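1. Just the structure for this:
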Amino acid sequence: MENLTHYPLLLFAVSFVALSAVAVAGAWLRRRNPDTDHEHNEHLNVILGATLTLLGLIIGFSFSMAINRYDQRKHFEEAEANAIGTEMLRADLLPSASAANVRKILAEYTRLRIEFYLNKDDDQRKRIDERTAQLQADLWSAVRTSAAAQPTPVEALALAGMNDVINSQGYTQAAFWNRIPIAAWYLMAVMALCSNALMGYRSRSAKSGAWLVFVLPLIFSFAFLLIADIDAPRHGLIEVRPQNLESLAKSVGG
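-> Numbering: from 1, shown residues only. Got it, this is the predicted structure:
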């Protein structure tokens, strides 16, 4: 289930098929038991209404969580670009040789961070993570060596800026790992299956057209698609573009 939510279009297809199946099963059960009294139908309407209301609340809550996580990823992308840009300026406080080396590594680091946002391949992502860790070690070593040689408040400022660069990458990675809890997806799935089964069972009692049993599965599937798309940082149609990092890369000639 967790891997399925990483692929919104696949989630949409699976959701529509599963929800349609239980709706058809509910209609079939109704045909097997057509003789029900008015009180039975009233109780069914109450249960269906309560189930749909609860499902709507859960979907709304999950959508809010997805939006918050999307905004968080956008915020950390901006913060990461600002941290790198600030450190490029602070590199001028270092000795000329160290400053040139730091700016060169930061330019490559910026291009690598852009790849992190745009990449969708798991194998390439491992390579990006390994190279990112290596460049961070090189950057920290370059600034630390210069600060150790000349322990002044100016050198400490450049050292603190590099710490912000490294920390911002960690915050971004944590934001990409922060997804809607799998328990929320399970709860939505159970509630959606129950409500569609009840709707299918009720549709025959209302003598509705047979095609109406597919309307609710379609609507819920679109809702799941939107939530998963916003929540999926890699494989969705809605993604965080590294606009600030790309602008930074252009400004430094990357």
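2. who touches stretch 18-27?
-> 192-193, 196-204, 210, 213-214, 216-217, 220-221 (C-beta atoms under 8 Å, 6 or more residues apart in numbering). For the C-beta atoms, the positions are set from N, CA and C on the backbone; glycine is no exception.
3. and it, which residues are buried?
-> 18-20, 22-27 (16 or more other C-beta atoms under 10 Å).
4. right, and the secondary structure at residue 180 would be what?
-> coil (DSSP: H, G, I helix; E, B strand; the rest coil).
5. Which phi and psi values does it adopt?
-> phi -60, psi 130 (degrees, to the nearest 10).
6. And for it, the neighbour number?
-> 22 (other C-beta atoms under 10 Å).
7. List the residues that contact it.
-> Per C-beta under 8 Å, 6+ apart, neighbours of residue 180: 5, 62, 65-66, 69, 227, 231.
8. hmm, back to that, in CSV, list the buried residues of stretch 18-27 along with secondary structure.
-> Below are the buried residues of stretch 18-27 laid out as CSV (three-state DSSP):
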residue, secondary structure
18, helix
19, helix
20, helix
22, helix
23, helix
24, helix
25, helix
26, helix
27, helix
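9. any low-confidence regions in the stretch 1-150 of the chain?
-> For the stretch 1-150 of the chain, the stretches with pLDDT under 70 are 1-2, 34-40, 147-150.
10. where along the chain do the strands fall?
-> Counting by DSSP state E, the chain has no strands at all.
11. Break down it into its helices, ranges please.
-> 8-32, 38-90, 96-118, 122-149, 153-177, 182-205, 215-231, 243-251 (DSSP state H).
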